Structure formats: structure tokens, C-alpha cells
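>>> Predicted model, plus sequence, below.
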Amino acid sequence: MIIKKINDLLFSFKKNSSKSNKIDNNTTLALETNYPTLSYKAKESYQYLAQLCLPKNTRKNEVFEFIDTLKNYDNDDDYLSTLNVFAEFLDDNDYHFIMSFDLNSETSNLAWRLNLALQENYNLFLTLPSYEKDISISCDSVITSFDEKLRENDLQLSIIDTESDEYVFLVHYINNIKHIKTAIEHIGYCLFENIASETN
């Protein structure tokens, strides 16, 4: 599977010395000439999502540079979709923006990655829900409890519906929901904004 499982991410912190090589490799992927050009609307939507979800990230210019050269990989046998390629770039270079989790990922994994997203993208340091027993994020009310905590700080946790066996999360300001939803639709997906109703 192209998008790395969160369990792998926990044990693969990237060292600063290797980041430039990873970005170069992904930029080469984006520049491949045997793939069609990404439509203007889709490219603009990826850029808008980055603008809305990485407001205080000090490395966000690298994301915009990647989007500028991103091709269309939808329905490709190897890459499956443009979103997969983009999410892999984010994972490989430690951007906690479009975040994929296996359905059986544990709550500690979700808390770990959300904390990084909050710190790097919003300069926020919150105490997120914790559980005595590290249970699956698919259990009743788990995702809702994280979403409710974010909403106390004018943020929310939304899910991109990729029709796959994983959750794909975005953290964004509540008042940006209409813009986020429209951008997600323009790249070919639907957004679940009501976490409680979608997970229970």
C-alpha cells in the first residue's frame, strides 16, 4: 500500500540530514513526464488545502513546490491516485497534514500524530484524550473524543472518504469547513465533517 501505516511511522522518525534527499526523490516523481498534467482546479485545490491546514508550518513552502510539479496519477496501476502520491510525499517528509491511519491503529498513535499536527501547523500544545488501555481508534466514541477536544480550540477533525480500509484525517479550523469541503470535492473525494455521526 502506498500510504504508510501509522505504526510504521512511529518507528521511523526521519533525520534532518535525509530530508532533502526525500524531497528530491518525491519531486522527481512529481515531474515524471509520462503522466498527464494535473488539472488547474485540482492543483489549485491542493494548494488551498495546504494553505488552510498548514497556517503556521515553517516548512510549508516545500509542500507548495511539490504541488506545483504534481502530475495526475488517478487510476494509475502503480500509484492508484494523485492523493496517494501527495500523501506519501507528506509522510516521507514529516508533514502531519493529510494523515492516514489503519482502521485498527491504536489511540496512542492518533494522539501522537495529532499532537505533532497541532504543534507544527497551529503552534498549539494540547492535552489530548488518553486511555488506560490502548484501544483501536475504530472503537465507539474514540474519534469523537479527539474531535471534541479540538473543537474546544476552534479546530476540528474531518475525514476524507477514500472508500478504503483506512481513515484519512485533516485538522483544520472550524470556520474553514466550507472551503475545505469544496477543495476536497475538487480533488475527487467527499469530506465527513460530523465525526460523531460518521463513526458511531
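Thanks, I have the structure now.
>>> C-alpha from now on. contacts and neighbour counts both.
Noted.
>>> what's the neighbour count on A42?
Neighbour count of A42, defined by other CA atoms under 10 Å: 19.
>>> Nearest spatial neighbour of it, chain-adjacent residues omitted?
Leaving aside its chain neighbours, A42 sits nearest to I187 (5.1 Å; criterion: CA to CA, 6 or more residues apart in numbering).
>>> So the one you found is in contact with Q47, correct?
No: using CA atoms under 8 Å, I187 is not in contact with Q47; the gap is 11.0 Å.
>>> Now do the same contact list for W112.
Contact analysis of W112 by CA atoms under 8 Å, 6 or more residues apart in numbering lists nothing.
>>> and the gap between it and V85?
23 Å (CA to CA, to the nearest Å).
>>> Tell me the secondary structure at L116.
helix (DSSP: H, G, I helix; E, B strand; the rest coil).
>>> Send me stretch 73-90 as PDB with only the CA atoms.
Only the C-alpha atoms of stretch 73-90 are listed here, as PDB (Å, rounded to 0.1, in the frame of the first residue of the first chain):
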ATOM      1  CA  TYR A  73      -1.900   9.700 -11.000                       C
ATOM      2  CA  ASP A  74      -5.600   8.900 -10.700                       C
ATOM      3  CA  ASN A  75      -6.500   5.400 -11.700                       C
ATOM      4  CA  ASP A  76      -2.800   4.500 -12.300                       C
ATOM      5  CA  ASP A  77      -2.000   0.800 -11.600                       C
ATOM      6  CA  ASP A  78       1.100   1.700  -9.500                       C
ATOM      7  CA  TYR A  79       0.100   4.800  -7.600                       C
ATOM      8  CA  LEU A  80      -3.700   4.400  -7.700                       C
ATOM      9  CA  SER A  81      -4.400   8.100  -7.200                       C
ATOM     10  CA  THR A  82      -2.900  11.600  -7.000                       C
ATOM     11  CA  LEU A  83      -4.000  11.800  -3.400                       C
ATOM     12  CA  ASN A  84      -1.900   8.700  -2.600                       C
ATOM     13  CA  VAL A  85       1.200  10.300  -4.200                       C
ATOM     14  CA  PHE A  86       0.700  13.500  -2.300                       C
ATOM     15  CA  ALA A  87       0.000  11.800   1.000                       C
ATOM     16  CA  GLU A  88       3.200   9.700   0.500                       C
ATOM     17  CA  PHE A  89       5.200  12.900   0.000                       C
ATOM     18  CA  LEU A  90       3.800  14.300   3.200                       C
END
